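K.L.:
Below are the sequence and a predicted model for it; my questions follow.
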Amino acid sequence: MRHIPLRRRVAAACTGVVAVGALTLAGLTGSATAAPEPRATPASAPDAALLRALERDLGLTPAEARQRIAGEAAATDIAATLKQRLGASFAGARVTGDGATLIVATTDPAERRAITAAGARAELADHGLARLEAAKAELDAAAGRRAPEGVPLWYVDTTASRVVLQATDRAAAGRFAAAAGVDRALVKVVRASEEPRTYADLRGGDAYYMNGAGRCSVGFPVKRGASQAGFVTAGHCGTVGTTTTGVNQQAQGTFQGSTFPGRDYAWVATNANWTPRNLVNGYGNADVTVAGSTQALVGASICRSGSTTGWRCGTVQQLNTSVTYPQGTVSGVTRTSVCAEPGDSGGSFISGNQAQGMTSGGSGNCSQGGTTYFQPLAPALSAYDLTLVTSDDGGGPGPTDPPTEPGGTWAAGTSYAVGATVTYGGTTYRCLQAHTAQAGWQPPNTPSLWQRV
């Protein structure tokens with residue numbers, strides 16, 4: 001089974017259950033050197049566009065969507081406190097259900113009382129999280145020496161208290177674990193069900209173009225130092241020195257750093273014409289405000305913005321996952337149930353108002369469902385000494401601001417067939433390639449799609 005990175009050309013149950021959403025109690029790197037992630041800012045009203053996407057994709061009512069976001073935020077703080085208290089016995093945390101019930105696992109039965117007292121449900125686990133992550137790190141190191149065949153995916157599954165290897169060949173999984181020197185008692189092998197791939201001609205968040213050819217998506221606006229603005233994106237979108245143009249086809253910036261495979265992150269320094277904003281493109285809805293980058297728990301709701309499929313939501317399935325693409329293995333990504341399609345690569349993953357990471361690769365599509373991986377944000381910020389933009393610095397129109405439309409029959413979100421005609425700004429255009437129009441793809445800006453009549 002193949003995984004493809006997303007770039008486009010062009011134990012026993014214990015005591016009582018408490019719903020975290022009712023509590024008043026006040027990351028994913030795989031790298032010991034990553035800088036601590038910023039904590040969440042005080043709670044604010046969820047963005048309307050994000051709520052609508054959660055309602056659609058998770059089958060929630062408006063009240064349930066709001067309750068889930070609030071519950072997940074509270075659960076994150078409780079889990080962090082318990083992780084510090086439990087130390088080596090901490091075996092993972094996750095949320096479940098629309099009420100965001102927090103479950104915390106431990107290897108020490110004596111710690112169940114403390115977990116319950118904090119408002120979570122306690123579970124006993126066979127192995128501590130630190131031990132499982134150490135085993136996964138050994139697998140990652142072995143994959144760095146030689147990419148495994150027949151084992152497209154592996155990750156720490158705290159529910160099973162094992163490192164899960166998805167494999168097309170169980171014997172291959174055994175050889176991989178043996179080569180890494182991993183204790184087989186820590187490993188669970190399951191049949192591979194995914195074919196992750198990178199999406200070609202990438203689009204997500206706001207679209208941008210590499211060297212005037214391929215297309216990718218802005219992850220999140222960042223700053224380096226006091227004055228240099230830019231954005232993070234997927235590393236497979238470009239190498240150091242690759243130039244970019246923005247969604248408006250104007251000169252934008254240059255790749256300053258890029259890592260792929262191994263990890264899948266990059267950053268682009270932009271010119272003075274681009275103002276960084278703490279926003280994620282809402283694609284037909286209000287833009288979503290970014291307030292921080294606290295890592296979401298397993299089971300939490302999460303949404304993705306992409307120029308091909310717009311807002312799509314799902315849940316976090318596993319943290320610290322390793323996935324093998326045709327180009328090599330990428331470690332430390334997060335596995336989600338969110339769908340994606342070619343053109344969504346590099347774009348923004350967000351949970352509530354907390355930035356999570358950049359779209360990397362996946363399998364399936366948004367018609368039949370799929371799995372998508374994202375590169376967590378923290379390692380990219382740490383690697384390039386960047387700061388996430390979390391407040392609007394008021395510098396005028398930025399790259400996420402929608403342009404003022406001059407009028408006509410052209411409309412974003414409409415599917416056009418070859419030969420279809422539209423008007424825009426008093427001029428008539430004929431469609432050259434079948435496509436679904438996206439914000440920023442106005443006929444004057446996309447000569448490969450429209451011909452002036």
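P.N.:
Great, that's in hand.
K.L.:
Poorly predicted segments of the stretch 51-200 of the chain, please.
P.N.:
By pLDDT under 70, the low-scoring segments of the stretch 51-200 of the chain are 195-200.
K.L.:
From what I see, A122 and T106 are in contact.
P.N.:
Yes. Judged on CB atoms under 8 Å, A122 makes contact with T106 at a distance of 6.6 Å. Any C-beta I mention is one placed from the backbone N, CA and C, and that applies to glycine too.
K.L.:
Now for these two: what residues contact both?
P.N.:
112, 115 (CB atoms under 8 Å, 6 or more residues apart in numbering).
K.L.:
And the host helix or strand of A171, what's buried?
P.N.:
Secondary structure assigned from DSSP states H and E places A171 in helix 170-180. Neighbour counts over helix 170-180 (16 or more other CB atoms under 10 Å) mark 172-174, 176-177, 180 as buried.
K.L.:
quick one: contacts of that helix?
P.N.:
Against helix 170-180 from outside (CB under 8 Å, 6+ apart): 138-139, 141-143, 146, 148-151, 165, 167, 184, 187, 189.
K.L.:
could I get that helix in CSV with only the CA atoms?
P.N.:
Extracted C-alpha coordinates of helix 170-180, given in CSV (Å, rounded to 0.1, in the frame of the first residue of the first chain):
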residue,chain,number,x,y,z
ARG,A,170,2.9,-9.3,8.5
ALA,A,171,6.2,-10.9,7.9
ALA,A,172,7.6,-7.5,6.7
ALA,A,173,6.3,-5.9,9.9
GLY,A,174,8.1,-8.5,11.9
ARG,A,175,11.4,-7.9,10.0
PHE,A,176,11.0,-4.2,10.5
ALA,A,177,10.5,-4.4,14.2
ALA,A,178,13.4,-6.9,14.5
ALA,A,179,15.7,-4.6,12.5
ALA,A,180,14.8,-1.7,14.8
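K.L.:
what are the ranges of the strands in the stretch 251-400 of the chain?
P.N.:
251-259, 265-270, 279-280, 288-289, 301-306, 310-325, 328-336, 348-351, 354-365, 369-376, 387-388 (DSSP state E, counting those that start in this stretch).
K.L.:
on contacts alone, who are the packing partners of the last one?
P.N.:
What that stands for is strand 387-388. Helices and strands touching strand 387-388, as assessed by 3 or more CB pairs under 8 Å, 6 or more residues apart in numbering; DSSP states H and E, comprise strand 220-224, helix 377-384.
K.L.:
Likewise for the second one?
P.N.:
Helices and strands in packing contact with strand 265-270 are listed as strand 220-224, strand 228-233, strand 251-259, helix 377-384; criterion 3+ CB pairs under 8 Å, 6+ apart.
K.L.:
ditto for the longest one
P.N.:
The criterion is 3+ CB pairs under 8 Å, 6+ apart, and the helices and strands that strand 310-325 contacts are helix 48-58, helix 129-145, strand 153-157, strand 301-306, strand 328-336, strand 354-365, strand 369-376.
K.L.:
Parallel or antiparallel, which strands does it pair with?
P.N.:
Strand 310-325 has these partner strands in its sheet, going by DSSP bridges: strand 153-157 (antiparallel), strand 301-306 (antiparallel), strand 328-336 (antiparallel).
K.L.:
For these, which has the smallest mean pLDDT value?
P.N.:
When these are compared on average pLDDT, strand 301-306 comes out lowest at a mean of 89.
K.L.:
mind checking how far it is from the chain centre?
P.N.:
7 Å (CA atoms, centre = their mean, to the nearest Å).
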